[in-house]
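>>> Model the following, please.
(2 chains)
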Number of protein chains: 2
Amino acid sequence: MLKAEDILEGSRKAEAQKAGARMIRLIEDNDPSAFELLKQLYPHTGEAFIIGITGSPGVGKSTLIDALITEFRKLALKVAVIAVDPSSPVSGGAILGDRLRMQRHATDTGVFIRSMASRGQKGGLSRATKDAVVVLSAMGYDIIIIETVGAGQAEFDIASLAHSVGIVSIPGTGDGIQAVKAGILETGDIFIVNKCDKPDADAACHELVMMLGMRNLSETRWKPVVLKTIAQNGTGVDKLVQSFLSHLNFMKKNGLIDRKKKKLDRLYFQSLLKDLTLEKILVFMNNSTDFKEMLKKIESGSMDPLSAAELMVNNLITFE
Amino acid sequence: MLKAEDILEGSRKAEAQKAGARMIRLIEDNDPSAFELLKQLYPHTGEAFIIGITGSPGVGKSTLIDALITEFRKLALKVAVIAVDPSSPVSGGAILGDRLRMQRHATDTGVFIRSMASRGQKGGLSRATKDAVVVLSAMGYDIIIIETVGAGQAEFDIASLAHSVGIVSIPGTGDGIQAVKAGILETGDIFIVNKCDKPDADAACHELVMMLGMRNLSETRWKPVVLKTIAQNGTGVDKLVQSFLSHLNFMKKNGLIDRKKKKLDRLYFQSLLKDLTLEKILVFMNNSTDFKEMLKKIESGSMDPLSAAELMVNNLITFE
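Have a look, this model is predicted:
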């Protein structure tokens, strides 16, 4: 049996790391035992700085995060990475998580990397990722990086999970324009032009700065940063780390971080409310004689499915 | 105000066709008034034969359906087509529906074509499509064709909507193998190899027949048919129509059609139960003082989101 105590030490002990990995697996598998453990872990969370890294496939997110880990470790900050692939039904393999884990950070308990895929989680991958963030935060990691392809998608909204969002693009792909179209410009705090040894790097930065200039800004709002990196050899990644930390400090100074944390808690609560409701409806459909009787009425034609569902829901859910 | 009576005459009067189109728009837009109308329309449904047509982009579904309409009209059967695009947030345009509507069937009230796209419908596109099928059936169409890209997708399961499923492929693409991989072989009743003037048409058919031979069959189960068509000039489409009607007759003789209709009703009821529950939870979140007080507790840290959601759901939903 997995215990909360086993997980809490995760960022210090190799054994506890394994417990954390098991816990994330339970979440991914929709295991009912995960919920009780999450409740126990929750009071130990709240200190981690949660960074979202997003961008199209091929922009070098995986290499960039590898370099970010190295820089954060230089500052003695413990780093957990959760790589999320909304399009894949299986975890591991193609996505960076497991590939990275094999590499240079493998023996460092100050680094923890897992990938997460969609396995038909009741509340979708967004809820499962939030659950995983609770685990990583409780394990004691200072920095939690959520990596995902794309942003602003209905099924996975990185801004509802992270305190700071980095959007990665590369020169010459017109990603800036794409970002505007996809409406992700508003969700980005730091814009990273990676592979900037390529031609058009300056043009890409300029384009981003121009577009960001169109955003409404005030003094109490973070002015988004555009940065160039070459993740492959680490160029610019130290500055990127400083930018993320500057953003955190800015949010702390302006009381924005507390507001953001409250907002994320509220969103988590709302998604839990929906998920638990649906879970309860499933239990109802599997066990209730009322439900079975209603099914018979529908099959005999004495009740239509619409009226039946309406009646049933009105009987099931009552408030004020 | 849209009235049920206005819609019911849809397959006979141009004015009523417009009412049907408005109703489908209401469904697509998640308009709350649609539900009451659907309840009124439901008793007038149940006679239509619902055909699903699915296949990868580029196999010629749109042209094939155009030819199918012509053949069904020769038999004096009234045909409605609903083209569903799970990937698109906007309706019309790229998808065949509106393109077809412009064409040769435009003045025929015995033909009705609409496209439907994902607009964040609460229950997803599958529920919205089922709602639309209720409307089309109530309008008096004999044949309802649901066209969609792909099959067996989590977000859109054609087998839960149609009485008979046609899977379209073209020679030389190895679609047969893809079908096995995607697990859609089991959902197909009629396999159409379109553009069969291309080389490898016979090989493609042979491959499909071989793979279908691996399915477990009994006398009371429909033996899937493999058919060659050239939708562009109508070749084989008369046979395709006969195959669909044979499948319907087979199901009628074996009592399978009633069982299938009951199954689809049950699935509709279950999805409605989930959707209406979620809608009620949204109302709760917008209006309840209990909910607002719980939010305050979470924001002050006196309650964690997980325990709060659990408590709330247990208070909200009670059965037996």
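
>>> buried residues in the longest helix along chain A?
Looking across chain A with DSSP state H, the single longest helix is helix A:256-287. Using 16 or more other C-beta atoms under 10 Å in any protein chain shown as the test for burial, helix A:256-287 gives A:256-257, A:260-261, A:264-265, A:267-281, A:284-285. C-beta here means a position set from N, CA and C on the backbone, and glycine is covered the same way.

>>> can you tell me how far A:Ser300 sits from A:Met294?
Taking C-beta to C-beta, to the nearest Å as the measure, A:Ser300 falls 11 Å from A:Met294.

>>> returning to that earlier point: ok now the longest helix of chain A, how far from the chain's centre?
Counting by C-alpha atoms, centre = their mean, to the nearest Å, helix A:256-287 is centred 15 Å from the centre of its parent chain.

>>> Packing partners of that helix?
Judged by 3 or more C-beta pairs under 8 Å, 6 or more residues apart in numbering or on different chains; DSSP states H and E, the packing partners of helix A:256-287 are helix A:124-138, helix A:237-253, helix B:256-287, helix B:289-300, helix B:305-316.

>>> tell me the SS of the residue nearest to A:Ser11 when sequence neighbours are not counted?
Once flanking residues are discounted, A:Ser11 sits nearest to A:Gly140: 3.7 Å by C-beta to C-beta, 6 or more residues apart in numbering or on different chains. Here A:Gly140 is coil, with the state taken from DSSP: H, G, I helix; E, B strand; the rest coil.

>>> what residues are up against A:Gly140?
A:Leu8, A:Glu9, A:Gly10, A:Ser11, A:Arg12, A:Lys78 (C-beta atoms under 8 Å, 6 or more residues apart in numbering or on different chains).

>>> Report the contact partners of the second one.
In this case it means A:Glu9. By C-beta under 8 Å, 6+ apart, the contact list for A:Glu9 reads A:Glu15, A:Ala16, A:Met139, A:Gly140.

>>> swap in the fourth one?
The neighbourhood of A:Ser11, defined by C-beta under 8 Å, 6+ apart, consists of A:Gln17, A:Lys78, A:Ala80, A:Thr109, A:Gly110, A:Phe112, A:Met139, A:Gly140, A:Tyr141.

>>> just for chain A, where's the confidence low?
Within chain A, the segments meeting pLDDT under 70 span A:86-103, A:118-124, A:150-156, A:174-184, A:214-219, A:320.

>>> One more pass at 80, please.
A:57, A:85-107, A:117-125, A:149-157, A:173-186, A:213-220, A:319-320 (pLDDT under 80).

>>> mind giving me the domain split of it?
A:4-256, A:271-316 (automatic domain parsing).

>>> Check the gap between the residue of the stretch 1-150 of chain A found nearest chain B and B:Leu64 for me.
In the stretch 1-150 of chain A, the residue that lies nearest chain B is A:Tyr42 (4.2 Å; C-beta to the nearest C-beta). The gap separating A:Tyr42 from B:Leu64 is 54 Å, by C-beta to C-beta.

>>> between the two, who's got more neighbours?
Between A:Tyr42 and B:Leu64, B:Leu64 has the larger neighbour count (other C-beta atoms under 10 Å in any protein chain shown), namely 28 against 21.

>>> Next up, identify which helix or strand the more buried one is on.
Using DSSP states H and E, B:Leu64 sits in helix B:61-74.

>>> Helix or strand next in line after whichever strand or helix holds A:Met23, which one?
Assigning secondary structure by DSSP H and E places A:Met23 in helix A:14-28. Downstream of helix A:14-28, the next assigned helix or strand under DSSP H and E is helix A:33-41.

>>> could you dump that next one to CSV, C-alpha only?
Output of helix A:33-41 as CSV, limited to C-alpha atoms (Å, rounded to 0.1, in the frame of the first residue of the first chain):
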residue,chain,number,x,y,z
SER,A,33,-7.1,5.0,-4.2
ALA,A,34,-5.3,8.1,-5.6
PHE,A,35,-8.0,10.5,-4.3
GLU,A,36,-7.4,9.7,-0.6
LEU,A,37,-3.7,10.0,-1.0
LEU,A,38,-4.1,13.4,-2.8
LYS,A,39,-6.1,14.7,0.1
GLN,A,40,-3.3,13.7,2.5
LEU,A,41,-0.6,15.2,0.3
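
>>> so how far is B:Lys130 from A:Arg73?
In this structure, A:Arg73 and B:Lys130 are 53 Å apart, going by C-beta to C-beta.

>>> do A:Glu15 as well
Using C-beta to C-beta, A:Glu15 is found at 51 Å from B:Lys130.
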